[in-house]
Structures are given as C-alpha cells and as structure tokens.
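A.B. asks: the amino acid sequence is not available; the structure is as follows:
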C-alpha cells in the first residue's frame, strides 16, 4: 500500500471478512491476516490520522495473480 488506509474484502461487493491495510509492504497473505491473497473489492478509508497525502488520489498496488505476482496496477 503506497498511501492511506484501505478496507479490503476477498469477495466482490464488499462481502466477507474485512481487513484494513495500512501503508507498507505485505510480503505474504498471512501478513494481512488471510490465507489466500484474493481482493474482490476494496475501498479507501477516510478517517483521522494517518491521512492519504492527496485525498483525491488514493493509491494502492493490485496484482492479478496470487502472492503479489503477475501484472500490477496502481
């Protein structure tokens, strides 16, 4: 995660157990409390500190393959 806080769900439409990801690297799914590294939906959180540097442009890197491999998109 490059900036901000992100609410992440393994299933589409914000279903399943939510996880909150903070700025930093996550070397394995266990690092953010899941067994499988699937992101079905996500949403930036707008809460007190820490803040997204530019709230109009929250950023996260998404990979198209498990375990943070494959093509990435920002």
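C.D. replies: Yes, it's here. Computed from a predicted structure; not experimentally measured.
A.B. asks: what helix or strand is residue 20 located in?
C.D. replies: Assigned by DSSP states H and E, residue 20 belongs to strand 19-21.
A.B. asks: in that strand, which residues are buried?
C.D. replies: 19, 21 (16 or more other C-beta atoms under 10 Å). Quick note: C-beta positions are derived from backbone N, CA and C, even for glycine.
A.B. asks: ok, that strand: who's next to it in the sheet?
C.D. replies: Strand 19-21 pairs in its sheet with strand 5-9 (antiparallel), by DSSP bridges.
A.B. asks: got the contact list for the partner strand?
C.D. replies: For strand 5-9, contacts defined as C-beta atoms under 8 Å, 6 or more residues apart in numbering pick out 14-22, 32, 39-45, 47, 50, 52, 58, 60.
A.B. asks: strands - which of those residues land there?
C.D. replies: Mapping the contacts of strand 5-9 onto strands (DSSP state E) picks out 19, 20, 21, 41, 42, 43, 44, 45.
A.B. asks: beta partners for the fourth one?
C.D. replies: On the basis of DSSP bridges, residue 41 takes part in beta bridges with residue 9.
A.B. asks: now residue 6. Nearest residue, chain neighbours left out?
C.D. replies: Nearest residue to residue 6, sequence neighbours excluded (C-beta to C-beta, 6 or more residues apart in numbering): residue 21, at 4.6 Å.
A.B. asks: and what of residue 29?
C.D. replies: residue 37 (4.2 Å).
A.B. asks: alright, that wraps it up for me.
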